[in-house]
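Engineer: Sequence and predicted model, in that order:
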Amino acid sequence: MGVEQAQTLSKAGNGVWRTPRACIIDHSGRKMLPIGDDGFDTAARNSVLVDKSQLIVDILNSGYKVMLFCRPRRFGKTLNMTMMKAFFEIPPDGHSRAPLFEGSDVWQAEDGRYRAYQGAYPVIHLSMRTAKGNTWKATYGSLCSMISAEYRRHGYLENSDQLGEADRGFFHTIAAGQGTEQEFADSLRRLAAMLKAYHNTGVVVLIDEYDAPVMAAYSAPDGGYYNQAVGFLKTWMTGVLKDSGESLAFACLTGVQRISKESIFSDLNNLVVNTALSTEFDERYGFTEEEVAALGEYLGHSGFESEAKEWYDGYRFGKQDVYNPWSILNYFKQDCEPDVYWGNTSGNSVVGDLIRNADQETLNDVYSLMNPDGVVVAPLDLGIVFPDLKAKPQAIWSMLYLAGYLTTQDVKAPSRVDVPRRLRIPDLEISLLYKTEIISRFADMAGGNVRLLDFQQALVAGDKDKVQRELTNILRDGVSSFDMMSENSLHMLMLGLCFGVPGYSGPQSNRESGYGRYDIRLAPGGDTDADLSFVAPKIRPLVTIELKFIKSKDLATNADMDTVLTDKAHEALQQIAERGYDEGALPKNAQGRLRWGVAVCGKHCAVAAERLD
């Protein structure tokens, strides 16, 4: 059922509204969105929630002992983990969380069968998102502080008669943050054992963003502290997770990366990894189309469907198409004003590093992704490890997929690392992130954003002298001679310089037109034309660019380079006309045609231009 056909919400209880495939909960009735609040207790009391409690049913029915959920950041992992904590935990403060779940999917499922699990387990809940620093000392200190705080949350254990003297002494030491590294490495297992002894039932262990210390370790300056972080986490986590019969009821972990080969989990044979390729739990992270429609209706919005779909839909998790939940919440919060919300929550270093360091082949793949319906075909190894990025350049596609910058419909055989998959950019928001990073790279080559804008404005205005001057400066000062060795090198450069031209859509290249394939085309359009009216030209022609590259060794002896380049530029211009690259009906909003011939040899260039009204 599409979002346009979604059925109208109906009230299903106090603070609960439903359609056949969506449930909206707002116990407060204030229609406040939980932006920046990923703690379920406060969000459920004060905000509107899209009900994802069916995840609890799925986990209980799965029978899995240890589950790892890998999803991109801001896709509901933390809210789901705190939801599970609120549902399962015997509350240390004595206050039941059952009222927060009344009317929810888990509360209603199978005539209330799962209510018996509410408040039935001791829970260890740890969020590792702040356990990171530039040194192992800083990260280890953050880990110790996090562990000590969880001990103190269960402070009733310290003086319990149900624990032996040794356990009470150990508890006091860790709670005070005074343990040795060996003691802290054993702290998770010991806490679970103490909770089991006190409550006489298995412990639920919830570890959120488990991979944050490892990612910080890898990217830290001076070579990082990767081995130290992995070594500590292996001992600390697997001590309790491999304990399938003693203290553990079950465990759930979340993260962005699947760090399984690092040997953190090498001793586990009970770990089930759920990634975006998996069909299990595929509706439990991100918002479905029906949920977006129900949320928008509850908030009083209308007419948003096609715009929201273009900007924030497009992810495929298993068999389910999903929207980016963080972006949708912000979109509704800002009265349906589209913007890059997800990309502005933290650095986009994965994409930035890719584009900044890309060779010609990789850059060409990125440009292909930016085309409508563009794909890159590559296998995915979701057990990729960070050191693989240096030894296996193709691993970048797996990293981009895990991080949410790519998606795929090809989800069969998720464990196969040899299966080619068609990877694509999910939506307009992520496409704009790529464009921003491309512009950043080529702005550096041009001498800054102002100089790049000068070049682009001259290009669409037909200012031949300025284009030649700016392009000469770029070739001289921004491009290495070793990077300009072929026509493909020139093509990659010119294509990159054409991203973000005010008033124009992204550049197209090597497309069939007339009696051949043009090199580059720019057509009026773009998603923010109105906002750029002060820099976009009033008259926006269809721009066609043909490129010619001359190798120095191919120049005739005593040939005048300027003359040869000028002749080649005019030859390129003539080729556009003879092969009809820009003939036929003009694209919408185009006013006339502008043709460019560009010829380059090393750090020298010549350009020719022709305007047809």
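Structural biologist: All right, it came through fine. Residues are numbered from 1 along each chain as shown.

Engineer: now the strands: where do they sit in the stretch 501-613 of the chain?
Structural biologist: In the stretch 501-613 of the chain, the segments counted as strands under DSSP state E, counting those that start in this stretch are 508-509, 512-513, 516-517, 520-522, 542-549, 593-601, 604-612.

Engineer: lowest confidence element among the helices and strands of this structure?
Structural biologist: helix 388-391 (a mean of 61; mean pLDDT, DSSP states H and E).

Engineer: quick one on the thing from earlier: between the strands of the stretch 501-613 of the chain, which one is nearest to Ala378?
Structural biologist: Between Ala378 and those, the tightest spacing by CB to CB is seen for strand 508-509, at 20.4 Å. Any C-beta I mention is one placed from the backbone N, CA and C, and that applies to glycine too.

Engineer: Just checking: what are the partner strands of that closest one?
Structural biologist: Taking DSSP bridges as the criterion, strand 508-509 forms sheet pairs with strand 520-522 (antiparallel).

Engineer: What average pLDDT does the partner strand get?
Structural biologist: In this model, strand 520-522 has a mean pLDDT of 96.

Engineer: contacts for it?
Structural biologist: 459-460, 491, 494-495, 498, 501, 504-505, 507-509, 511, 513, 542-545, 547, 581-582 (CB atoms under 8 Å, 6 or more residues apart in numbering).

Engineer: Now restrict those residues to buried residues only.
Structural biologist: 459-460, 491, 494-495, 498, 501, 504-505, 507-509, 513, 542-545, 547, 581-582 (16 or more other CB atoms under 10 Å).

Engineer: Grab the nearest non-local neighbour of the residue nearest the centre of the chain.
Structural biologist: Centroid-nearest residue in the chain, with CA atoms, centre = their mean: Gly404, separated by 2.9 Å. Setting aside the residues directly before and after it, Gly404 is nearest to Pro72 in space (CB to CB, 6 or more residues apart in numbering), at 2.7 Å.

Engineer: Where does that neighbour sit: helix, strand or coil?
Structural biologist: Per DSSP: H, G, I helix; E, B strand; the rest coil, the local secondary structure of Pro72 is coil.

Engineer: neighbours of it, just the number please.
Structural biologist: For Pro72, the count of nearby residues is 22 (other CB atoms under 10 Å).

Engineer: ok, it - contacts?
Structural biologist: Applying CB under 8 Å, 6+ apart to Pro72 gives the contacts 256, 276, 402-404.

Engineer: show me the contacts for the closest residue to Glu578 other than its chain neighbours.
Structural biologist: In space, and not counting its chain neighbours, Glu578 is closest to Tyr515: 7.9 Å by CB to CB, 6+ apart. Counting by CB under 8 Å, 6+ apart, Tyr515 touches 578-580.

Engineer: Looking at these, which is nearest Thr139?
Structural biologist: Taking CB to CB as the measure, Thr139 lies nearest Arg579 of the contacts of Tyr515, at 59.7 Å.

Engineer: need the contact list for that closest one.
Structural biologist: 514-516.

Engineer: any idea which of these is the one closest to Phe184?
Structural biologist: Gly516 (67.3 Å).

Engineer: how many other residues sit next to that closest one?
Structural biologist: Residue neighbour count, defined by other CB under 10 Å, stands at 13 for Gly516.

Engineer: Just list the residues touching it, thanks.
Structural biologist: Per CB under 8 Å, 6+ apart, neighbours of Gly516: 579, 581.

Engineer: Model confidence score at it, please.
Structural biologist: Looking at Gly516, its pLDDT stands at 95.

Engineer: Quickly list what it is bridged to.
Structural biologist: Under the criterion used (DSSP bridges), Gly516 bridges to Ser513.

Engineer: can you tell me how far it sits from Glu165?
Structural biologist: 86 Å (CB to CB, to the nearest Å).

Engineer: residue contacts, Asp410?
Structural biologist: 419-422.

Engineer: and stretch 234-247, what's its mean pLDDT?
Structural biologist: Per-region confidence: stretch 234-247 scores 82 on mean pLDDT.

Engineer: Just the residues contacting it, thanks.
Structural biologist: With CB under 8 Å, 6+ apart as the test, stretch 234-247 has contacts from 65-66, 143, 184-189, 192-193, 195-196, 202-203, 205, 207, 210, 248, 251, 263-271.

Engineer: average pLDDT across stretch 161-179?
Structural biologist: Here the average pLDDT along stretch 161-179 is 95.

Engineer: okay, how far is it across it, tip to tip?
Structural biologist: Using CA to CA, to the nearest Å, the end-to-end distance of stretch 161-179 comes out at 22 Å.

Engineer: Equivalent analysis for stretch 461-478, please.
Structural biologist: Using CA to CA, one end of stretch 461-478 lies 23 Å from the other.

Engineer: Stretch 83-101 too?
Structural biologist: Note: stretch 83-101 ends 9 Å apart using CA to CA.

Engineer: So which bits of that stretch are buried?
Structural biologist: Buried residues in stretch 83-101, counted by 16+ other CB under 10 Å: 83-90, 97, 100-101.

Engineer: re the thing from before, redo the contacts of Tyr515 as JSON lines? Include pLDDT and distance to Gly286.
Structural biologist: As requested, the contacts of Tyr515 are arranged in JSON lines below (pLDDT from 0 to 100; distance: CB to CB, whole Å):
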{"residue": "Glu578", "pLDDT": "96", "distance to Gly286": "51"}
{"residue": "Arg579", "pLDDT": "96", "distance to Gly286": "46"}
{"residue": "Gly580", "pLDDT": "95", "distance to Gly286": "46"}
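
Engineer: Go through these and flag which are in helices.
Structural biologist: Applying DSSP state H to the contacts of Tyr515, the entries found in helices are Glu578.

Engineer: from the contacts of Tyr515, which single one is nearest Gln360?
Structural biologist: Of all the contacts of Tyr515, Gln360 sits closest to Arg579, with 25.2 Å by CB to CB.

Engineer: Any chance of the backbone angles for the closest one?
Structural biologist: Here is the backbone geometry of Arg579 (degrees, to the nearest 10): phi -100, psi 0.

Engineer: from here on, count from 38
Structural biologist: That works, and once the first residue is 38, the last one we named lands at Arg616.

Engineer: could you measure it against Ala636, distance?
Structural biologist: To Ala636, Arg616 is 17 Å away according to CB to CB.

Engineer: State the distance from Ala645 to Ile576.
Structural biologist: Counting by CB to CB, the gap from Ala645 to Ile576 is 20 Å.

Engineer: more neighbours, those two?
Structural biologist: Each of Ala645 and Ile576 has its neighbours counted (other CB under 10 Å); Ala645 has more, 22 against 15.

Engineer: wait, doesn't the more buried one sit right on Thr603?
Structural biologist: Yes: using CB atoms under 8 Å, Ala645 makes contact with Thr603 at a distance of 7.4 Å.

Engineer: Skipping its backbone neighbours, what lies nearest Arg458 in space?
Structural biologist: That would be Asp447: by CB to CB, 6+ apart, it lies 4.0 Å from Arg458.

Engineer: can you give me the helices for the stretch 38-187 of the chain?
Structural biologist: In the stretch 38-187 of the chain, the helices defined using DSSP state H, counting those that start in this stretch lie at 77-83, 91-99, 114-125, 142-145, 173-190.

Engineer: Would you map the helices across the stretch 238-387 of the chain?
Structural biologist: Using DSSP H, counting those that start in this stretch, helices in the stretch 238-387 of the chain cover 249-256, 263-278, 326-336, 342-349, 362-370, 386-394.
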